[in-house]
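K.L.:
Quick check, what structure comes out for this input:
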Amino acid sequence: MVTSLRLIGNQHLDLRRVAELFPNLHDLWLYNSPVGSVEPLSALPLELLGVYGNQKAVDLTPLAGRMLTLGLSRDDKHLGLENLGPRVKLKYVE
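P.N.:
Numbering: from 1, shown residues only. Below you'll find the predicted structure:
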């Protein structure tokens, strides 16, 4: 059972397929793998999600109210940060 996954440089990443193939993910890192929304991941038991090097703004709203750590780059654009709530812990990397 896969619970941790790193995806690097996937220019045509289908998060719905990732969620289908790995329903037990607790730890997911997306590096230079552009996604517009993390909605397909909202049902996963994620404890840690890292999104770095995203070439377009990513909508994080589907993670509102979840208890998880969200790793982000200050160089990327993020939508919905103000709506995540106190249970989402943000960690920025440079």
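
K.L.:
Low-confidence regions, the chain specifically.
P.N.:
Applying pLDDT under 70 to the chain picks out residues 94.

K.L.:
all strands of it, in order?
P.N.:
4-8, 27-31, 48-52, 58-59, 68-73, 78-79, 88-93 (DSSP state E).

K.L.:
Now render those strands as TSV, adding mean neighbour count and distance to residue 16.
P.N.:
The C-beta positions use only the backbone N, C-alpha and C, and glycine is treated the same way. Output for these, formatted as TSV (neighbours: other Cβ atoms under 10 Å; distance: least, Cβ to Cβ, whole Å):
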stretch	mean neighbour count	distance to residue 16
strand 4-8	13	14
strand 27-31	19	14
strand 48-52	19	16
strand 58-59	18	15
strand 68-73	17	19
strand 78-79	16	19
strand 88-93	12	22
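
K.L.:
So for residue 21, which of the ones you listed sits nearest?
P.N.:
Smallest distance to residue 21 across those (Cβ to Cβ): 9.3 Å, for strand 4-8.

K.L.:
Identify the residues contacting the closest one?
P.N.:
13, 18, 22, 25-33 (Cβ atoms under 8 Å, 6 or more residues apart in numbering).

K.L.:
Mind putting the strands of the chain into JSON lines with distance to residue 40?
P.N.:
Converted to JSON lines, the strands of the chain look like this (distance: least, Cβ to Cβ, whole Å):
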{"stretch": "strand 4-8", "distance to residue 40": "13"}
{"stretch": "strand 27-31", "distance to residue 40": "11"}
{"stretch": "strand 48-52", "distance to residue 40": "12"}
{"stretch": "strand 58-59", "distance to residue 40": "11"}
{"stretch": "strand 68-73", "distance to residue 40": "15"}
{"stretch": "strand 78-79", "distance to residue 40": "16"}
{"stretch": "strand 88-93", "distance to residue 40": "18"}
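
K.L.:
Fine by me, we can end here.
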